[in-house]
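**Q** The amino acid sequence is not available; the structure is as follows:
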């Protein structure tokens, strides 16, 4: 379906990258151990958590479709399992958002800033 | 509600209440006047492309969080979800959960890398490591298609709402209202750019939250803040008993409708992070940290709002006489305004009239602000991706670019007006869910692959965008949304060979699969240097604009 493009690869695009006079060496930065550490801190947190909350949400959708009897069980007053599970989805969403913000502030931001200042200092 | 009151409410909803109409129009006119004032003020500070597209990138995380909430809480979620809960109980509540959980995808995977590596549009990030002209073309087309579907839903909603709340029943009158909405929106965007639009979103979000909070408080007060009592009253008044609080009233009928519900769920949870008008909001803040903060604020605000829709929806089910809501609007879209009237003292009372007017004006403001956000997203992409980087090959000056964006706004606004006039009878909720499905099929796979997969290539990006876009749109075309059912766009025809109303279950995995397959099968080598640059920039913020 494709061959190498005729003209444009590699040329910095004028509108997205006016760039500093000497652009930072991104390839070297990417293969540095510091960056590998930053990437791992982000991915090992964000990827499994994304899979987890999508599964938790889909599980809830599937229960709603195929386990009506279980969800109809009343827990107290007119409040049933379905309603509580729905509220639990809100609660876990708030908790995950808070948890990620904390992880990012302590584990990601310092590493990202160190790499950034080194790269921009170079330039 | 006694029979006299009920008939009054019906009459009102069907369009006969003069004194409310004056109040609604006055409040709405005040909103338009204030927001246009803000727009002109913002327009005076709008000079370059960065101001027009990204509001000068000077908004704080909280301000942008508020604006994101304003952009996201459309008439579909405010009126639609309250109505769906009022009619279908628990099954309506499921919508709001999908709409909220979806924000975690944006928070964990998309917001910060996008802010770090892009400039004005989604296409900036998608085209970063690819052959730019074909990928930008694809990104621009998909941005415009998604935004137009969403726009169509909002314009159709505006037409329906006006009929119900202002009592305008003549065809000319309805067309005039759609045209008026379109013109105000074009003014917001052309004059105020992103800065003006962002302030309009913030004002609207505050009004919407305040209005919803007031109604929620009054409903809960009536039930002594006892949620079980509210649910019990709703179940009893709905005439469906305990089944009203259980899954199944809307989606439990057949095996197909159950699968349709799963399809809808997937589209909702994966669609948000691919909606162009949401993505461009991340460019209005100075740093990735501020982008993260704004998503966190948005999750808080939107979450609380959806929790309140429970009180709104079940409150309407509990307090309004059965049959009144469906008599006023079959889809339940007027449940929230009717509840406001009831809780304020009922039809004919001053309190009821005032609350009804306030909530109706808020609903109009909601539509207007969301339409403006959508128009800005599509005209930005038209000017920045298609005009400047594809047609002019990046050789346009900044002045020319902003001028192109303003003209694109007028053009897209005109298209929206024409579509809105023709779309007045269409099913609003279906169109919104479709916009989510198209966004999740065409935009999200390419966005995630671009940011996180080093083997991704130009053919992969093109296969994924066009494959997701075409498959989702085609599946809808051949679905019961378009033909074959009484509620379809063309009830007379029947070419609905695809049984599901939402295409997400098929088209979203297909979009991911095609992106992967296109990259593996192509002879093109991924551009390692460009990926190094994108990856380092997206995670560290080096060289961010």
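**A** It's in. None of the values given here were measured: they were computed from a predicted structure. Residues are numbered from 1 along each chain as shown, chains lettered A, B, ... in the order given.
**Q** burial count for residue A:113?
**A** Applying other Cβ atoms under 10 Å in any protein chain shown, we find 13 residues neighbouring residue A:113. For the C-beta atoms, the positions are set from N, CA and C on the backbone; glycine is no exception.
**Q** actually residue A:70, not the one I typed
**A** Neighbour count for residue A:70, taken as other Cβ under 10 Å: 12.
**Q** Which of the three states applies to it?
**A** helix (DSSP: H, G, I helix; E, B strand; the rest coil).
**Q** my guess is residue A:75 is in a strand, correct?
**A** Yes - assessed with three-state DSSP, residue A:75 lies in a strand.
**Q** Return the distance of it relative to chain B.
**A** In this view, residue A:75 and chain B are 10 Å apart by Cβ to the nearest Cβ, to the nearest Å.
**Q** pLDDT score assigned to that residue?
**A** Residue A:75 is assigned 93 on the pLDDT scale.
**Q** Could you do residue B:243 as well?
**A** If you check residue B:243, the pLDDT there is 89.
**Q** Tell me how many other residues surround the closest residue to it other than its chain neighbours.
**A** Spatially, and ignoring its direct neighbours in sequence, residue B:243 is nearest to residue B:249 (6.5 Å; Cβ to Cβ, 6 or more residues apart in numbering or on different chains). Using other Cβ under 10 Å, residue B:249 is surrounded by 18 other residues.
**Q** surely residue B:57 meets residue B:288?
**A** No - applying Cβ atoms under 8 Å, one finds residue B:57 not in contact with residue B:288, separated by 11.8 Å.
**Q** Which parts of the stretch 51-200 of chain B are strands?
**A** In the stretch 51-200 of chain B, no strands are found when defined by DSSP state E, counting those that start in this stretch.
**Q** which bits of it sit near chain A?
**A** B:90-91, B:93-94, B:97-98, B:100-101, B:103-105, B:107-109, B:112, B:118-119, B:124, B:127-128, B:131-133 (Cβ under 8 Å from any Cβ of the partner chain).
**Q** show me what contacts the residue in the stretch 151-300 of chain B that chain A sits nearest to?
**A** Minimum separation of the stretch 151-300 of chain B from chain A (Cβ to the nearest Cβ) falls at residue B:228, amounting to 2.9 Å. Neighbour list for residue B:228: A:76, A:77, A:78, A:79 [criterion: Cβ atoms under 8 Å, 6 or more residues apart in numbering or on different chains].
**Q** residue contacts, the third one?
**A** Right, the one you point to is residue A:78. Contacts of residue A:78 (Cβ under 8 Å, 6+ apart): B:228, B:229, B:231, B:232, B:235, B:242, B:245.
**Q** number of nearby residues for residue 24?
**A** Here I'm looking at chain A. By other Cβ under 10 Å, the residues close to residue A:24 number 23.
**Q** ah, I was thinking of chain B
**A** For residue B:24, the count of nearby residues is 25 (other Cβ under 10 Å).
**Q** do the same with residue A:57
**A** By the measure other Cβ under 10 Å, the count of residues near residue A:57 is 23.
**Q** check contacts around it.
**A** Going by Cβ under 8 Å, 6+ apart, the list of residues near residue A:57 reads A:89, B:97, B:98, B:101, B:265, B:269.
**Q** Take the residues you listed and keep only those in helices.
**A** A:89, B:97, B:98, B:101, B:265, B:269 (DSSP state H).
**Q** wait, which of those is closest to residue B:317?
**A** residue B:97 (18.1 Å; Cβ to Cβ).
**Q** how close does the residue lying closest to the closest one once chain neighbours are set aside sit to residue B:30?
**A** Computed as Cβ to Cβ, 6+ apart, the closest residue to residue B:97 that is not its neighbour in sequence is residue A:89, at 4.8 Å. Separation of residue A:89 from residue B:30 (Cβ to Cβ, to the nearest Å): 38 Å.
**Q** quick one: which of those two has more around it?
**A** Neighbours per residue (other Cβ under 10 Å) separate residue A:89 from residue B:30, with residue A:89 holding more: 21 against 11.
**Q** Contact partners for the more buried one?
**A** Residue A:89 neighbours (Cβ under 8 Å, 6+ apart): A:56, A:57, A:60, B:97, B:100, B:101.
**Q** Save those as CSV, and put in pLDDT and distance to residue B:334 too.
**A** As requested, those are exported to CSV (pLDDT from 0 to 100; distance: Cβ to Cβ, whole Å):
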residue, pLDDT, distance to residue B:334
A:56, 96, 34
A:57, 96, 30
A:60, 94, 29
B:97, 92, 23
B:100, 95, 24
B:101, 96, 28
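**Q** Give me the residue ranges of chain A where confidence is low.
**A** For chain A, the stretches with pLDDT under 70 are A:1-22, A:122-123.
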